[in-house]
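Student: Build the 3D model from these lines:
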Amino acid sequence: MVDWGLVSLFALDLAAFFAAYLTLTASLNLEFGYTGIPNFGKVLAFSSGAFVAGFLPGRIFAQGFGLTQGIENYANNQILANCVKEFVFRKPQVLQGMNFVEDNVVIITCLNRLLRSDPFLSISSLLLTVVVAGAVGAVLGYLSSYPAIRLREDYLAMTLLAMGELAFIVGYNYPDIVGGTLGVSLPDPYLWLGGGRRFLLATVALSVMAVLAFLYMQKVSASPLGRVMRAVRDSELAAETLGKDVVKVRQEILIVASALAAAGGALWAFYSGGVIATNYDRVTWTFWPWVMLIVGGAANNRGVLAGTAIFVTSRKLIDFYKFALEPYLPFSVVWVDRLALGIVLIAMLVVRPEGILPEKSKMTISREKILAIKARVTGKS
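Tutor: The predicted model follows:
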């Protein structure tokens, strides 16, 4: 008998993963597929967005409502005062003020009770955090472009790969940002809808971001800028000969793509409910998006969609059923997904290196406009 409740949870989780990866893969397609930037440091932008979500809203609320300053600063707020008093028997010093990292459980528990009754405050904090995360991602894209953008492709790839480790190293070794090795929980901006439906709303938010990123990729790739990007990718010398500033184009694409990835990272952190640096590794948030792009087809927007859908669905199904294979495998089942997907990647590179849906040439303007221009020119001549 089919457990429809389990099926719906699986589908919701699948949709959230798909939306998060589509945002990331769309940004990578702008960088590598269309502009030829081999960004092996995608985790930098994505994790920076998650770290903003782990750092910013909780501290703003904790400071603004006086949780870090002692109970006399929030005694009039019955929700917070009653909540904090529930933890006094375990940690009496919380009444004198709390540290966001050390007393994260107390602070987030009490803030969530407050946010549950205030949809406006919840939505405002979510939007503000996503905007700030996008801005931080753009700044990191700008900074990472300076030492790397003038390098040849192989050195550029290695430099961006090294930069991708920066956020992990800082987040892991500097606890004041997101709790170091222990991580932090986040104020939940979705609780006002009801605990049972918060994952639905969080998935919708991720999906909206993914749709916006995909539509932006569609719009840019079909614009004159998209043609310039492809010219830079195919021949920098030819693009420079035609008067295009290659360095500026690549720098702008890195900034925009990093902003999109960071905004997606912030929404993913809110979906997860917490941030810990070890969850933002280069395999999960750099190499897997590359696999999706290669499988689907770089510089083909439908290919990005197909590659992301195939990869995410395959991985979730493997994770769901892999323990049934445990008696038949000579190695631990925890490696099944990486082994299987690695084999698929190698096979794709050998059999169809251009991906399932290869790149197709695009017209900057519609065929109708081209024919109209041709008719005018022919008529004048």
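Student: hang on, residue 45 packs against residue 27?
Tutor: Yes: using C-beta atoms under 8 Å, residue 45 makes contact with residue 27 at a distance of 7.5 Å. C-beta coordinates here come from the backbone N, C-alpha and C atoms, glycine included.
Student: Comparing these two, which residue is more hemmed in?
Tutor: residue 45 (35 against 31; other C-beta atoms under 10 Å).
Student: which ones are touching that one?
Tutor: 27, 137, 140, 141, 257, 258, 259, 261, 262, 265 (C-beta atoms under 8 Å, 6 or more residues apart in numbering).
Student: which residues do residue 45 and residue 27 both contact?
Tutor: In contact with both residue 45 and residue 27: 257, 258, 261, using C-beta under 8 Å, 6+ apart.
Student: between those residues, which has the most around it?
Tutor: residue 261 (34 neighbours).
Student: In a helix, it, correct?
Tutor: Yes: assignment of residue 261 by DSSP: H, G, I helix; E, B strand; the rest coil places it within a helix.
Student: mind listing what it touches?
Tutor: 23, 24, 27, 28, 42, 45, 46, 49, 137.
Student: hang on, residue 34 packs against residue 226?
Tutor: Yes: shown here, residue 34 and residue 226 form a contact pair, counting by C-beta under 8 Å, at 6.3 Å.
Student: Please say which of the two ends up with more neighbours.
Tutor: Neighbour tally, residue 34 and residue 226, criterion other C-beta under 10 Å: the higher count belongs to residue 34, 25 against 20.
Student: now the more buried one, nearest residue through space, not along the chain?
Tutor: Take residue 34 and drop its neighbours on the chain: the residue closest to it by C-beta to C-beta, 6 or more residues apart in numbering is residue 229, 4.3 Å away.
Student: The one you found - how many residues pack around it?
Tutor: 27.
Student: What of residue 271?
Tutor: 22.
Student: Check the secondary structure at it for me.
Tutor: At residue 271, secondary structure determined by three-state DSSP is helix.
Student: quick one, what contacts the nearest residue to it once chain neighbours are set aside?
Tutor: Once flanking residues are discounted, residue 271 sits nearest to residue 202: 4.2 Å by C-beta to C-beta, 6+ apart. Taking C-beta under 8 Å, 6+ apart as the criterion, residue 202 is in contact with 16, 190, 267, 270, 271.
Student: low pLDDT regions in this structure?
Tutor: 1-5, 147-150, 195, 362-365, 380-381 (pLDDT under 70).
Student: Would you map the strands across it?
Tutor: 184-185, 274-275 (DSSP state E).
Student: what does the first one contact?
Tutor: Defining contact as C-beta under 8 Å, 6+ apart, one finds that strand 184-185 is touched by 54, 58, 100, 101, 104, 105, 108, 178, 273, 274, 275, 276.
Student: Just the buried ones among these, please.
Tutor: Those of the contacts of strand 184-185 that meet the buried threshold are 54, 58, 100, 101, 104, 108, 178, 273, 274, 275, 276, by 16 or more other C-beta atoms under 10 Å.
Student: Tell me which entries of the contacts of residue 45 lie within helices.
Tutor: Among the contacts of residue 45, the residues falling in helices (DSSP state H) are 27, 137, 140, 141, 257, 258, 259, 261, 262, 265.
Student: Which of the residues you listed sits closest to residue 358?
Tutor: Here the nearest of the ones in helices among the contacts of residue 45 to residue 358, counting by C-beta to C-beta, is residue 27; it sits at 20.6 Å.
Student: I'd like to check which residues are in contact with that closest one.
Tutor: 42, 45, 213, 256, 257, 258, 260, 261, 264.
Student: rerun at 7 Å
Tutor: 213, 257, 260, 261 (C-beta atoms under 7 Å, 6 or more residues apart in numbering).
Student: what does residue 213 give?
Tutor: Taking C-beta under 7 Å, 6+ apart as the test, what residue 213 contacts is 22, 23, 26, 27, 260.
Student: How about residue 68?
Tutor: Contacts of residue 68 (C-beta under 7 Å, 6+ apart): 62, 97, 98, 100.
Student: Let me know the closest of those residues to residue 248.
Tutor: Nearest member of those to residue 248, counting by C-beta to C-beta, is residue 100, at 39.9 Å.
Student: Let me see the backbone angles for that closest one.
Tutor: Here is the backbone geometry of residue 100 (degrees, to the nearest 10): phi -60, psi -40.
Student: I'd like the distance between it and residue 176.
Tutor: 9 Å (C-beta to C-beta, to the nearest Å).
Student: hang on, the earlier thing: put together JSON lines for the contacts of residue 68, with distance to residue 329 on each row.
Tutor: Shown next, in JSON lines, are the contacts of residue 68 (distance: C-beta to C-beta, whole Å):
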{"residue": "62", "distance to residue 329": "47"}
{"residue": "97", "distance to residue 329": "53"}
{"residue": "98", "distance to residue 329": "47"}
{"residue": "100", "distance to residue 329": "44"}
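Student: Max pairwise distance over those: which two?
Tutor: Farthest apart among these by C-beta to C-beta are 97 and 100. That separation is 10.8 Å.
Student: tell me the contacts of the residue nearest to residue 280 when sequence neighbours are not counted?
Tutor: Leaving aside its sequence neighbours, residue 280 sits nearest to residue 47 (C-beta to C-beta, 6+ apart; 3.7 Å). Applying C-beta under 7 Å, 6+ apart to residue 47 gives the contacts 167, 168, 171, 265, 280, 285.
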